[in-house]
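Trainee: sequence-free structure coming up:
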């Protein structure tokens, strides 16, 4: 007696062969664009009420749902991840916020290409967040990461990369503490 042959696609039913009418596209039922916008608006509302932990939790769940619905390389996913970065920065976790922004920039490059204006705008948002970081954070280390990514995307001679490089140079020259043994009289 032979073993039954199991196909990787399972049992083929009549529904399997049913197709959408010509000229119509199927939109995922679970997270239509209008639902996504409404959920993003809810995240913003909760954040504006000062409930940042709740807003972060809503954004994290929305990220999971959006990624499951549309995949990693979709603009809806990128937008949700930028929101997560913004909320992290509002919560004072600038390193996490910048990490989300840089991740979103890299996804945008993959989806839209390095010359797209949205990629430039996303890189500028990451730069602005980095500039706003408090001095006690790891600004030089995070700035080096920002510089590497921006250089890869926009080129070593781009205006944005020059700004980042100048800021990093300025940070390197700014003394944070007086050397040991030097005291003013």
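Mentor: Yes, it's here. On a predicted model such as this, the values are computed, not experimentally measured, just so you know. Numbers count the residues shown, from 1 in each chain.

Trainee: number of nearby residues for residue 106?
Mentor: When counting by other CB atoms under 10 Å, one arrives at 16 neighbours for residue 106. C-beta: built from backbone N, CA, C; applies to glycine.

Trainee: nearest residue to it other than its sequence neighbours?
Mentor: Leaving out its chain neighbours, the residue that sits closest to residue 106 by CB to CB, 6 or more residues apart in numbering is residue 149, at 6.7 Å.

Trainee: isn't the one you found right up against residue 105?
Mentor: Yes - shown here, residue 149 and residue 105 form a contact pair, counting by CB atoms under 8 Å, at 6.4 Å.

Trainee: with neighbour numbers in mind, choose between these two.
Mentor: Shown here are residue 149 and residue 105; by other CB under 10 Å, residue 105 has more neighbours (26 against 20).

Trainee: circling back to that earlier point, any idea which element the residue nearest to residue 106 lies in?
Mentor: Take DSSP states H and E as the rule and residue 149 turns out to sit in helix 139-154.

Trainee: immediately after that helix, which helix or strand?
Mentor: Immediately after helix 139-154, counting by DSSP H and E, sits helix 159-173.

Trainee: give the contact list for the residue nearest to residue 106.
Mentor: Counting by CB atoms under 8 Å, 6 or more residues apart in numbering, residue 149 touches 102, 105-106, 123, 126.

Trainee: thinking again about what came up before, need the overlap of contacts for residue 149 and residue 105.
Mentor: Common neighbours of residue 149 and residue 105, using CB under 8 Å, 6+ apart, are 123, 126.

Trainee: quick one on the thing from earlier: any buried residues in the helix holding residue 149, and which?
Mentor: 139, 142-143, 145-147, 149-151, 153-154 (16 or more other CB atoms under 10 Å).

Trainee: related to what we said a few turns ago, in a markdown table: the contacts of residue 149, plus distance to residue 170.
Mentor: Below are the contacts of residue 149 laid out as a markdown table (distance: CB to CB, whole Å):
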| residue | distance to residue 170 |
| --- | --- |
| 102 | 21 |
| 105 | 23 |
| 106 | 26 |
| 123 | 19 |
| 126 | 18 |
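
Trainee: so what's the backbone phi/psi at residue 92?
Mentor: The phi/psi pair for residue 92 (degrees, to the nearest 10) reads phi 90, psi 0.

Trainee: and the pLDDT at it?
Mentor: In this model, residue 92 is scored at 94, pLDDT.

Trainee: same check, this time on residue 137
Mentor: On the pLDDT scale, residue 137 is placed at 78.
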